[in-house]
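> below is the structure, and that's it, no one-letter string:
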C-alpha cells in the first residue's frame, strides 16, 4: 500500500516538474559540437551550454538544455565547436609593440642587444597600455580567455585586461638592473606588493610576483620575491632553464642546475609557474613534481630562438602540471594558441621520432584544463562543467580546409587557426560575437598601436 502511494507521489512530482516552464538564464550557446574537456573528455555532438551570470549552470544535449532553460541572449553555434576558452600560461602582453623588431637571433643576443635597450627607451605607462590593448584584442579574436603575463607597470596591464573583459594571472616583473618602473629590485618588490594589494580578490585578475630569471637576479631577491608571493597567497612566475647558456651560468655560479638552485633557495613549490623548462634532466623533472611547481611550455619561441626543445613527454610521464604558452609576440611572433597547440604536438613527435606522442587530445588538454591546472585555476576554468566560470569560445568549422570533419578534437589542433574563432565569452560576458569584438574599439586600438610603432622605429634607429 505504502509502495503504491510512493509510486503515485513520484509520478505526480515528475509530471509537475515536466510542466515547469524553462528557467530563464542570461545566455544559451547551443546547436554546436560541445568539446567539454571534463574528466570524461565528453564530446556532445549536438550540444549546448547554459550560462547564468558568470557561471555555467548546465552542459548537455541541445534538446535537454532547450527543455530546461530559456536564454535572455542566445548564440546559435550551428556548424561550429563550443569549447573552453584557451589558457595561455606565459606571455609578455605589451611586447606585441616590439613584434618583428629583432628576428633570427639567439635569446641572449636578442635580449641584451635589442630588447632590453629598446625597452629602456620606450617602456612607459602609455606604452604598456597601448601594447596591452593590442594584445588583448588579438587574444579575444583568437580564443584566449585567460593569460599569464610578466611585464613592467603591471597595474596598467591589469586595468586594460579587466576593462577588455579577459581573465589574467598577471605578474609584476622584478629584475636586477634599473628599468622603467623600478630602479632597484627593492623598488620592484614594493611595486609588486602594491600591485597585489590593488587586485587581490578581483573576479578577473589574479596578481602575481614575477622574478625574471636566475641570470637577471641574485638569490636574496629571488627568495624575497617568493616570500612576498607566499605571504599574500599569490603565484610566482619565473623564467627557468630556457637556454643552454642558463645551464652553463648555473653550473659556473652555483655548481648545480637552475631547478636545483631554485630549490636550494626554498623557492620551488605550489604556485610557482616555471616558463620554458627546456634544459632539464629527469632529476629536475622529479624535483619540480615533488615540490608541486608547474611548467609553461612555449614551443614556438623556443624554436624561433633556437633555445631547445622541452622534454614534454618527460613532464607528462612524471605528472607535472603542464600548460602551453605563446611567449611574447616579440619572439613568436603572435599570440595564437591554436598554433601553439599544433607546434607542441609536432615538435614532440619530431623530438622523439614517435608520431603517437602528444596527440591532439593531449595538446588540447595542455591549452585548456592543463593550463588552468598549471595556473592553479582548474576549479574555476579550463573545462565546460556546471558551477565553473563561463569562459568559452565558439569555433567555426565551415572553411574549405576544415571540410570534411570526422574528429573535432583533431581539427581543433591540426587544422584550426585563431581567426576561426567566432565568439569569445569570459565570466559570462560576450567579448566577441560573430567575429566582432564588443569589449574594445578595435579600430581605435589599431590606430593607437600604429602611432606607437612610429615612436618605436624612431627610438631604435
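Now that the structure is in, tell me what you want to look at. Owing to the predicted nature of the structure, the values given are computational and were not obtained by experimental measurement.
> the domain parsing of the chain - what is it?
21-84+391-435, 86-374 (automatic domain parsing).
> please identify the most buried of those domains.
Ranked by mean neighbour count under mean count of other CB atoms under 10 Å, these are led by domain 86-374, which reaches a mean of 21. Bear in mind the C-beta positions are built from the backbone N, C-alpha and C, glycine included.
> what's the closest of the domains of the chain to residue 455?
Nearest to residue 455 among the domains of the chain is domain 86-374 (7.0 Å), distances taken as CB to CB.
> from start to finish, how long is the closest one in a straight line?
13 Å (CA to CA, to the nearest Å).
> for that domain, what is the average pLDDT?
Domain 86-374 carries an average pLDDT of 96.
> specify the local secondary structure of the spatially most central residue of the chain.
Most central in the chain under CA atoms, centre = their mean is residue 88, positioned 2.0 Å from the mean C-alpha point. The local conformation at residue 88, judged by DSSP: H, G, I helix; E, B strand; the rest coil, is strand.
> which SSE is residue 49 in?
strand 43-52 (DSSP states H and E).
> for that strand, packing partners?
strand 23-35, strand 55-61, helix 62-68, strand 69-76, strand 80-84 (3 or more CB pairs under 8 Å, 6 or more residues apart in numbering; DSSP states H and E).
> orientation of the longest one relative to strand 80-84 in degrees?
If I follow you right, that is strand 23-35. 100 degrees (axes from the mean of the first three to the mean of the last three CA atoms, to 10 degrees).
> by contact count, what packs against strand 23-35?
strand 43-52, helix 62-68, strand 69-76, strand 80-84, strand 392-396, helix 408-414, strand 421-426.
> between the ones you listed, which one is nearest to residue 196?
strand 421-426 (22.0 Å).
> what mean pLDDT does that closest one have?
98.
> partner strands of whichever helix or strand comes after that strand, with direction?
The first helix or strand that comes after strand 421-426 along the chain, using DSSP H and E, is strand 429-433. If you go by DSSP bridges, strand 429-433 pairs up with strand 421-426 (antiparallel), strand 436-437 (antiparallel).
> and the angle for strand 429-433 with strand 43-52?
Strand 429-433 and strand 43-52 meet at an angle of 130 degrees, taking the same axes, to 10 degrees as the criterion.
> quick revisit: in JSON lines, list the helices and strands packed on strand 43-52 along with distance to residue 43.
Shown next, in JSON lines, are these (distance: least, CB to CB, whole Å):
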{"stretch": "strand 23-35", "distance to residue 43": "5"}
{"stretch": "strand 55-61", "distance to residue 43": "11"}
{"stretch": "helix 62-68", "distance to residue 43": "14"}
{"stretch": "strand 69-76", "distance to residue 43": "19"}
{"stretch": "strand 80-84", "distance to residue 43": "9"}
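> those: which one's closest to residue 246?
strand 80-84 (33.0 Å).
> elements contacting the closest one?
strand 23-35, strand 43-52, strand 392-396, helix 408-414.
> export those to a markdown table and tack on mean pLDDT?
Shown next, in a markdown table, are those (pLDDT from 0 to 100):
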| stretch | mean pLDDT |
| --- | --- |
| strand 23-35 | 98 |
| strand 43-52 | 98 |
| strand 392-396 | 98 |
| helix 408-414 | 98 |
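> quick one: residue 109 is in a helix?
Yes: assessed with three-state DSSP, residue 109 lies in a helix.
> from residue 305, how far out is it?
From residue 109 over to residue 305 the distance is 9 Å, taken as CB to CB, to the nearest Å.
> please apply the same query to residue 311.
18 Å.
> list the contacts of the closest residue to residue 122 other than its chain neighbours.
The shortest distance from residue 122 to any residue other than its chain neighbours is 5.4 Å, reached at residue 459 (CB to CB, 6 or more residues apart in numbering). Residue 459 sits next to 118, 121, 122 when contact means CB atoms under 8 Å, 6 or more residues apart in numbering.
> turn those into JSON lines, columns for secondary structure and distance to residue 138.
Below are the contacts of residue 459 laid out as JSON lines (DSSP: H, G, I helix; E, B strand; the rest coil; distance: CB to CB, whole Å):
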{"residue": "118", "secondary structure": "helix", "distance to residue 138": "20"}
{"residue": "121", "secondary structure": "helix", "distance to residue 138": "24"}
{"residue": "122", "secondary structure": "helix", "distance to residue 138": "19"}
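> who are the contact partners of residue 263?
If a contact means CB under 8 Å, 6+ apart, then residue 263 has 287, 291 as its contacts.
> following element in sequence after the strand or helix carrying residue 192, please.
Using DSSP H and E, residue 192 maps to helix 185-199. Proceeding N to C from helix 185-199, the next assigned helix or strand is strand 205-211, under DSSP H and E.
> roughly how far is stretch 403-410 from the heart of the chain?
Distance of stretch 403-410 from its chain centroid, counting by CA atoms, centre = their mean, to the nearest Å, is 24 Å.
> what strand or helix carries the closest residue to residue 315 other than its chain neighbours?
Of all residues not flanking residue 315 in the chain, residue 322 sits nearest, at 4.9 Å (CB to CB, 6+ apart). For residue 322, the host element (DSSP H and E) is strand 321-324.
> now do the contacts for the residue nearest to residue 315.
Residue 322 neighbours (CB under 8 Å, 6+ apart): 294, 295, 296, 297, 312, 315, 316, 366, 370, 374.
> which ones among the residues you listed map onto strands?
Under the assignment DSSP state E, these contribute 294, 295, 296, 297 to strands.
> closest one of those residues to residue 185?
Closest approach to residue 185 among those (CB to CB): residue 296, at 23.2 Å.
> spell out, range by range, the helices that occur in the stretch 201-350 of the chain.
219-232, 244-254, 258-264, 282-291, 299-304, 312-318, 337-352 (DSSP state H, counting those that start in this stretch).
> and those helices: which comes nearest residue 195?
helix 219-232 (10.2 Å).
> which neighbouring elements make contact with that closest one?
Using 3+ CB pairs under 8 Å, 6+ apart, helix 219-232 sits against helix 185-199, strand 205-211, strand 236-240.
> distance from the chain centre to that helix, please.
Mean C-alpha position of helix 219-232 versus that of the full chain (CA atoms, centre = their mean) differs by 23 Å.
> now do stretch 179-198
Taking mean C-alpha positions (CA atoms, centre = their mean), stretch 179-198 and its chain are 24 Å apart.
> now render the domains of the chain as TSV, adding distance to residue 382.
Below are the domains of the chain laid out as TSV (distance: least, CB to CB, whole Å):
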stretch	distance to residue 382
domain 21-84+391-435	6
domain 86-374	3
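> tell me which of the ones you listed lies nearest to residue 444.
domain 86-374 (8.5 Å).
> so how far does stretch 344-362 reach from one end to the other?
10 Å.
> pretty sure residue 122 is in contact with residue 453, am I right?
No: with contact defined as CB atoms under 8 Å, residue 122 does not count as touching residue 453 (10.7 Å).
> intersection of neighbour lists for those two?
residue 97.
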